[in-house]
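>>> Generate a structure from the sequence data that follows.
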Amino acid sequence: MTAPTVGTEADRYLQRVRAALADLPEDERNELIEDLSAHLADISAESPETLTAASLEQRLGQPEAYAAELRASAGLAPAPRANASSRLRNISERVRARLETVPAYRQFVAFLPELRPGWWVLRGYFFAVIVAAIFVGGFSGVLPDSGSDAVVFLVFAALAVYGSVWLGRRSGGFGRWGRRAVLAGGVFVALVGLAVVTTSSGSDYYDGGTYYSGGPLENASDLRVYGPDGQLIRDAQVFDQDGSPVVLPENCPSLQRTRTDGGVAENVYPRTVDPSVDPMYCDSGRAPVAEQLPGLNPRVPTAGTSVPISPAPSGTVSPTPSGSVSPSGSVSPSGSVSPSGTVSPSVSPSGTVSPAAPTPTR
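The predicted structure follows:
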């Protein structure tokens, strides 16, 4: 039988010797390490405060070498070649033994048990965060967005913390695999809860678009976009000055719109309430949509601003003469002489100017 050295460096040394003799029957292995167990108990009693793995190995040698000596003294065959898991375990044990020689590492390991209560509290809080994210919604920092939801969350978080502390105080008796399962579950809860808290967009953002709160859009849940002619523009996609979609909170679920590229469009206005929602449980509070409003007056140009001139309709004659003169030099008989003796040119139907016949002088 082995001596009661559980929880000490001597016990860890003994367990490594037992692992090196794992191929032997249980009775034969206990018989080989019986003297070693008593010897380790004496060493542990001599200096319980300063006993380390390094000091034991310096005094007795490596546990695997000690086990080989026990085999040789009993006339047994050497241990079979270690597999990959055994080699990995031996490497980790050697690394830990080296770290034990560093005073800062020993102080850190001794301080870790003091952090357990804080870890239990965080584990319970993150568990409450995950449950609240599933059933309530987004978070603003460490609390849910809504004030009423935050009160319920705090109550539930207190109960979750109490349960986590209760589990932490009793997990020491769950056995090796039970303790590992509790630790793995706690790490998973902490990682997921931390992701929920750090990635929640809160009340300023929603579904990748800009969620506007405060200011003139504080109570807005829908938009009406009208053109310069006063006509309502339906299915208008609204963006802000940075190109981010303008997404307002919804009083009632609206019909989902999709883009031609397959994406979801959350910024389409005016919204259409989902007809499958019972009106008794959803008060949209929406005023009737006006299809037509007074249009906008034309822009008044300011000084120095050129005003574009629209082209004249077809069939009209431009008041500006073309300036082209018939090259034939023929005199149109339609020319007339004004009483003052000046010659008035005539305009042909094609728009060319023909010089009038000269009037002979007397």
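
>>> burial measure for the closest residue to residue 190 other than its chain neighbours, as a count.
The shortest distance from residue 190 to any non-neighbouring residue, by CB to CB, 6 or more residues apart in numbering, is to residue 126 (5.0 Å). For every residue, glycine as well, the C-beta is placed using N, CA and C. A count of nearby residues for residue 126, using other CB atoms under 10 Å, gives 24.

>>> Which helix or which strand is home to residue 126?
Per DSSP states H and E, residue 126 falls inside helix 116-135.

>>> remind me which residues of the stretch 201-350 of the chain are low pLDDT?
Along the stretch 201-350 of the chain, the parts satisfying pLDDT under 70 run over 201-216, 218, 279-288, 302-350.

>>> domains for this structure, by residue range?
With automatic domain parsing as the criterion, the domains of the chain are listed as 9-101, 114-200, 209-277.

>>> where exactly do the helices run in the stretch 101-250 of the chain?
In the stretch 101-250 of the chain, the helices defined using DSSP state H, counting those that start in this stretch lie at 103-111, 116-135, 147-170, 175-199.

>>> Would you agree residue 121 is in contact with residue 165?
Yes - contact criterion CB atoms under 8 Å: residue 121 and residue 165 qualify, at 7.1 Å.

>>> check which helix or strand covers residue 15.
Going by DSSP H and E, residue 15 is part of helix 9-20.

>>> Contacts for that helix, please.
The contact list for helix 9-20, computed with CB atoms under 8 Å, 6 or more residues apart in numbering, reads 2, 5, 29, 33, 36-37, 40-41, 43-44, 51-53, 56-57, 60, 63-64, 66-68, 70, 79, 86, 89, 93.

>>> rewinding a little: packing partners for the helix holding residue 126?
With contacts defined as 3 or more CB pairs under 8 Å, 6 or more residues apart in numbering; DSSP states H and E, the packing partners of helix 116-135 are strand 139-140, helix 147-170, helix 175-199.

>>> Lowest average confidence across the domains of the chain, which one?
The minimum mean pLDDT among the domains of the chain belongs to domain 9-101 (a mean of 78).

>>> Could you work out the end-to-end span of that domain for me?
13 Å (CA to CA, to the nearest Å).

>>> if we can go back for a sec, could you list the alpha-carbon positions for the helix or strand that comes right after the helix holding residue 15 in CSV?
On the C-terminal side of helix 9-20, the closest following helix or strand by DSSP H and E is helix 26-32. Output of helix 26-32 as CSV, limited to C-alpha atoms (Å, rounded to 0.1, in the frame of the first residue of the first chain):
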residue,chain,number,x,y,z
GLU,A,26,-1.3,-3.7,-9.7
ASP,A,27,-0.1,-6.0,-6.9
GLU,A,28,3.4,-6.2,-8.3
ARG,A,29,3.6,-2.5,-8.8
ASN,A,30,2.4,-1.7,-5.3
GLU,A,31,5.0,-4.1,-3.9
LEU,A,32,7.8,-2.4,-5.8
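
>>> tell me the angle of the helix or strand following helix 26-32 relative to helix 9-20?
Of the helices and strands lying after helix 26-32 in sequence (DSSP H and E), the nearest is helix 34-46. Counting by axes from the mean of the first three to the mean of the last three CA atoms, to 10 degrees, helix 34-46 lies at 160 degrees to helix 9-20.

>>> C-alpha coordinates for stretch 162-172, PDB please?
Listed in PDB are the C-alpha atoms of stretch 162-172, where the atom choice follows Å, rounded to 0.1, in the frame of the first residue of the first chain:
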ATOM      1  CA  TYR A 162     -24.900  32.300  -6.500                       C
ATOM      2  CA  GLY A 163     -25.200  29.000  -8.500                       C
ATOM      3  CA  SER A 164     -21.700  29.400  -9.900                       C
ATOM      4  CA  VAL A 165     -20.200  29.900  -6.500                       C
ATOM      5  CA  TRP A 166     -22.100  26.900  -5.200                       C
ATOM      6  CA  LEU A 167     -20.700  24.800  -8.100                       C
ATOM      7  CA  GLY A 168     -17.200  26.100  -7.500                       C
ATOM      8  CA  ARG A 169     -17.100  25.100  -3.900                       C
ATOM      9  CA  ARG A 170     -18.300  21.600  -4.600                       C
ATOM     10  CA  SER A 171     -16.500  20.800  -7.900                       C
ATOM     11  CA  GLY A 172     -13.400  19.700  -6.000                       C
END
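
>>> Which positions in that stretch come out as buried?
Residues 164-165, 167-168, 171 are the ones in stretch 162-172 that count as buried (16 or more other CB atoms under 10 Å).

>>> Wait, residue 234 touches residue 271, no?
No - applying CB under 8 Å, one finds residue 234 not in contact with residue 271, separated by 10.6 Å.

>>> and the two? which has more neighbours close in?
Taking neighbours as other CB under 10 Å, residue 234 and residue 271 compare with residue 271 leading, 20 against 13.

>>> Doesn't the more buried one lie inside a strand?
No - judged by DSSP: H, G, I helix; E, B strand; the rest coil, residue 271 forms no part of a strand; its state is coil.

>>> my guess is it meets residue 253, correct?
No - in this structure residue 271 lies outside contact range of residue 253 using CB under 8 Å: 9.6 Å.

>>> Show me whatever sits in contact with both of these two.
Shared contacts of residue 271 and residue 253 (CB under 8 Å, 6+ apart): none.

>>> quick one: residue 273 and residue 251, what's the gap?
Using CB to CB, to the nearest Å, we find residue 273 at a distance of 9 Å from residue 251.

>>> again, but for residue 291
Counting by CB to CB, the gap from residue 291 to residue 251 is 22 Å.
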